[in-house]
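[1] need a structure here:
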Amino acid sequence: MKLCRVKGNVTSTMKHKSFKGHKCLICQPIDENGNDIGEPVLSFDSVSAGAGDVVLVQQEGNCARQLLGTPDDPFHSVIIGIVDRVDIMDKKISEE
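    All right, here's what the predicted structure looks like:
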């Protein structure tokens, strides 16, 4: 699972039949501080996310197919949640 920020959407007139009715978004992976890391990915939306939203992206075909389609559909990456807040908890390990 990756933390990402939605950068925009993808529009196409020709697409695989299983993609019809599903919104495809450009998702930029970010670290816990909101800084861009890695390359953007295309993910299909299952939670009505939009540009600027911080989201959770699952990049695993079986999960994406279960949420969006049938076992034979070619989905790989899906947005599974919109993040309201990220809290970083510092762990202190005491030595005795």
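[2] Run through the residues that contact the residue nearest the centre of the chain.
    Nearest to the mean C-alpha position of the chain, by CA atoms, centre = their mean, lies Val57 at 2.5 Å. Going by CB atoms under 8 Å, 6 or more residues apart in numbering, Val57 touches Met1, Lys2, Leu3, Cys4, Cys27, Pro29, Val41, Ser43, Ser77, Val78, Ile79, Ile80. In short, each C-beta sits where N, CA and C put it, glycine included.
[3] what sits against Ile80?
    Going by CB under 8 Å, 6+ apart, the list of residues near Ile80 reads Met1, Ser46, Val47, Val55, Leu56, Val57, Gln58, Cys63, Leu67.
[4] Just name whatever secondary elements the longest strand seen in the chain is in contact with.
    Longest strand in the chain, counting residues (DSSP state E): strand 2-10. Applying 3 or more CB pairs under 8 Å, 6 or more residues apart in numbering; DSSP states H and E, we find strand 2-10 packed against strand 24-29, strand 41-45, strand 54-59.
[5] Show the subsequent helix or strand relative to the helix or strand bottoming out on mean pLDDT in the chain.
    Ranking every helix and strand in the chain by mean pLDDT, DSSP states H and E puts helix 61-68 at the bottom, with a mean of 67. Note on helix 61-68: by DSSP states H and E, the next helix or strand toward the C-terminus is strand 77-82.
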